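Student: with the sequence up front, the predicted model follows.
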Amino acid sequence: MIDKFTTDKTAELVIEGQKYSLPIIEGSEGEKAIDIRNLRQDTGYITLDKGYMNTGSCTSGITYLDGAKGILSYRGYSIEDLAENCSFVEVAYLLLHGHLPTDDEYQHFSYLLGRFALIHEDMIHFFDHFPPNAAPMAILSSMVNSLSNFYPEMTENPLEDIDIMATRLISKVRTIAAFTYKKSMGSPLVYPRHDLSYCANFLNMMFDSPVKPYAINDDVVRALNKILILHADHEQNCSTSTVRLVGSARVNLYASISAGISALWGPLHGGANQAVVEMLEDIYESDGDYQNYINRAKDPSDPFRLVGFGHRVYKSHDPRSRIIKAACDEVLDTLKVSDPLLDIAKELEEVTLNDEFFIERNLYPNVDFYSGIIYRAIGIPSNMFTVMFALGRLPGWIAQWKEMWDDPDWRIGRPRQIYIGPKRRPLTPKEERKKRESDT
Ligand code: SDX
C-alpha cells in the first residue's frame, strides 16, 4: 500500500562518510515522508522522536489534517460540509466504508444499530458492583472490554462482517453511556426505543423518566449529531494510535477500543473537555478572574496548561472549535438558556488571541474548549463529557482498527529505544554488598 505513494525522489543521508539514499513518499494531499523502513538494517541506526512529533506510524485513507491551514476532512469530505449536511450515523458509515451510504445502505446500517441497542441483561448487573462515585470512563472501558466475553464470535472471526461488529459496538456503547449516567443518579434505566434515531435515542435514554417524560428537541438532536461528527476521527491521535497499537497484536476489536477509551481519558487528551468546564466554573466563582489562569499558563515553573488550548497538529486554528463555538450560541438560544461560562470562554479566547505568549506558541482553542458548554446546556454532567467524546470517536477508532487489519503491509507495532541505563556489569553476591551500589 505504501509503495503506490513512493516517488522517484530520495533523501540523502551521510553517516560516518557513508551516503545513503532514502525513498520519499508523497500522500494524496501532498504530505511528504522519508521512508526509513530499511534504515536500521542498512545503517545500524534508528531514529529517536519522543512523542512521535515527526514520525508517521502508518499510511491511512481515512482522515486528513492540515495543521497550518486548519483543515480537517474525513474520506475527502470537509468537516464543515459533513457537520452541516449529514447525520452522525451517515458519517460513521462513511468512516467505515470510505463512501457515504446510499439510502438502502443507510437503512440497513440504522436497522443494525437498532437491533444491537440492548446490552446483555447480565451486563446490567455489573453496574451494581461499581462504587457509587465510579468514574464513567473507567466503567465504559471495563464494560466495552467485557463485551468480548458476551460476543466471543467477534474474537474468533473478527472481520466476518464489519457492519455487524461496528454497529454492535456503536449502539451498545451509547446504551452503556446512558445506563452509566442513570445508575450514577440512582434513576431507573430507560431502555433504547426502536422508533428513535441514534442521537434522539441517546438523549431519551439519558433524560426520560417515568415521572417526567423527556421532550425530544429536534434542534438539540441536530446539535448532538454535529458535535459527535466533529469528534468522529482525527488521524493518529493518542487514543487512535493506542487502538492501532493494541490491535496490531491481533487483539479483538472490543479490547482494542477499551484501550483507546483509557487513553482518551487523559486530561491532555479527551479528558480536557471536563477540565475546561471545571476551569471555567472556577473562574466564574472567582468573579471572572481568568488572569490567574493566564499567568499560571505562562509561568514556566508551573506545570499548569490552559486546558482547551493548544494542539499537536493545529497551529492556526482547530476547525472543530469554530463550529462548536457557533453551535453553542444556537443551542443556548434554542433552549433559551444563558450560560455565564460561555461568556467567560469567549473572553478568555479573545484575551489569548492578543497575547504574545499564546500567539508565539500557536495556542488556540481546540475541540475541547467549547464542547462542554453544549453538553451542559443539554443537561449532561461534566463527568460524562469525555464519555461523549468517546461516543463520537468510536466510528473513527473502529475504521482505523479495520484499516490496519486490512493492510497487507501491517506489522505488530514494536518501537525501538536508545538505552541509557548502566553499562553491563558483573553481579556482586548479596553477602558482599556492604553498601548501596551506584545506580548509574
Ligand atoms: C485533544 O492529537 C489530537 O488530534 C487530539 C484531539 C483529537 O481529536 O483526538 O484533537 C483531542 O486531545 C485536544 C487537546 C486537548 N488537551 C488540552 O486542551 C490540554 C492542554 N493542551 C496542552 O496540554 C497541549 O497543547 C497539547 C497536549 C494539546 C499539545 O501538546 P504538545 O504538542 O506536546 O505541545 P508542546 O508541549 O510541545 O507545547 C509547545 C509550547 C510549550 O511551551 P515552551 O516549552 O515552548 O515554552 O506551548 C506550550 C508548552 O508549554 N503549551 C501550552 C499549552 N499547550 C502548549 N502552554 C499553556 N497552555 C497550553 N494549553
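Tutor: Received, thanks.
Student: for the record, mean pLDDT for the host helix or strand of Ala200?
Tutor: Element membership of Ala200, judged by DSSP states H and E, is helix 198-207. Here helix 198-207 scores 98 as its mean pLDDT.
Student: tell me what it is packed against?
Tutor: Here helix 198-207 touches helix 88-97, helix 162-185, helix 218-230, going by 3 or more C-beta pairs under 8 Å, 6 or more residues apart in numbering; DSSP states H and E. Any C-beta I mention is one placed from the backbone N, CA and C, and that applies to glycine too.
Student: let me know the pLDDT of the residue of the stretch 201-350 of the chain at minimum distance from the ligand.
Tutor: Closest to the ligand within the stretch 201-350 of the chain is Gly310: 2.3 Å, counting by C-beta to the nearest ligand atom. pLDDT, Gly310: 95.
Student: likewise Tyr111?
Tutor: 97.
Student: pop out the phi and psi values for it.
Tutor: Tyr111 has phi and psi values of phi -60, psi -40 when expressed as degrees, to the nearest 10.
Student: neighbours around it, how many?
Tutor: 12 (other C-beta atoms under 10 Å).
Student: tell me who's in contact with it.
Tutor: By C-beta atoms under 8 Å, 6 or more residues apart in numbering, the contact list for Tyr111 is empty.
Student: for the ligand, what are the nearby residues on the stretch 151-300 of the chain?
Tutor: Residues of the stretch 151-300 of the chain found near the ligand (C-beta under 6 Å from any ligand atom) are 234, 237, 268-270, 272, 297.
Student: quick one: low-confidence parts of the stretch 151-300 of the chain?
Tutor: Residue ranges of the stretch 151-300 of the chain with pLDDT under 70: 155-160.
Student: so what touches stretch 87-105?
Tutor: So stretch 87-105 is contacted by 61-63, 74-75, 77, 82, 86, 106, 109-110, 113, 162-163, 166, 170, 197-199, 224-225, 228-229, 232-233, 392, 394-396, 398-399, 402 (C-beta under 8 Å, 6+ apart).
Student: returning to that earlier point: so what's the residue of the stretch 201-350 of the chain closest to the ligand up against?
Tutor: 361-364, 366.
Student: separation between it and Asn366?
Tutor: According to C-beta to C-beta, to the nearest Å, Gly310 and Asn366 sit 7 Å apart.
Student: just to revisit the earlier point, most tightly surrounded among the helices and strands packed on helix 198-207?
Tutor: Most buried of the helices and strands packed on helix 198-207 by mean neighbour count (mean count of other C-beta atoms under 10 Å) is helix 88-97; its value is a mean of 24.
Student: got the angle for it vs helix 218-230?
Tutor: Angle between the axes of helix 88-97 and helix 218-230 is 20 degrees (criterion: axes from the mean of the first three to the mean of the last three C-alpha atoms, to 10 degrees).
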